[in-house]
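Enquirer: I need the structure of the sequence given here:
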Amino acid sequence: DDRLAFWHAHVGMIEDRPILGHGWGLDDDYRKPYYEKIGLSDFIKPYPAHNTYLEILTEGGVVALLFFFTWLVSFLAFFRKLSEPGKGVALQTFACLFLAALTQNAFQDFEVRWVLTLFCVGTILLASPELRRPTALQ
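Expert: Residues are numbered from 1 along each chain as shown. Down below sits the predicted model:
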């Protein structure tokens with residue numbers, strides 16, 4: 001599977017800049033030396049990692065991945081407060097998205113971003129009023 005090559009090249013990129021990553025918007029020319037380093041100089045196209053977590057690490061480093069996981073955990077904590085069956089649906093939907101993200105960068109696809117945004121906003125709007133009430137930040 002080509003994904004193994006994608007992941008291998010990106011692990012090399014992560015090793016070069018683990019803390020802050022290489023920045024967003026990396027193109028094929030930028031990734032090409034990393035494919036060459038693993039012996040794939042004739043690879044047709046040096047694709048992105050096709051793994052959300054590896055791509056976040058590559059582009060934003062450990063710092064970006066920590067922000068991402070903080071966002072993820074905040075939604076999971078919110079979902080656990082929902083009543084049934086909303087809680088089960090929310091947790092299963094979120095789990096499926098983030099499991100699928102192991103083999104695809106779901107956030108590059110407009111449809112996935114749109115559905116995720118609608119899902120998160122819809123979940124918040126369908127929550128009981130006491131869960132939607134602002135906290136001490138007001």
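Enquirer: Skipping its backbone neighbours, what lies nearest the most centrally placed residue in the chain in space?
Expert: The structure's the chain has its C-alpha centroid closest to Thr52; by CA atoms, centre = their mean the separation is 4.0 Å. Take Thr52 and drop its neighbours on the chain: the residue closest to it by CB to CB, 6 or more residues apart in numbering is Ala101, 3.6 Å away. Placement of C-beta: from N, CA and C, glycine included.
Enquirer: same question, Leu91
Expert: Phe79 (5.3 Å).
Enquirer: Who are the contact partners of the one you found?
Expert: Going by CB atoms under 8 Å, 6 or more residues apart in numbering, Phe79 touches 87, 90-91, 94, 123.
Enquirer: Which strand or helix spans it?
Expert: Phe79 is part of helix 52-80, with elements assigned from DSSP states H and E.
Enquirer: Could you list the buried residues of that helix?
Expert: For helix 52-80, a neighbour-count test (16 or more other CB atoms under 10 Å) marks 52, 54-61, 64-65, 68, 75, 78-79 as buried.
Enquirer: Stretch 97-104 now?
Expert: For stretch 97-104, by 16+ other CB under 10 Å, it's 97, 101, 104.
Enquirer: Right, I'll leave it there.
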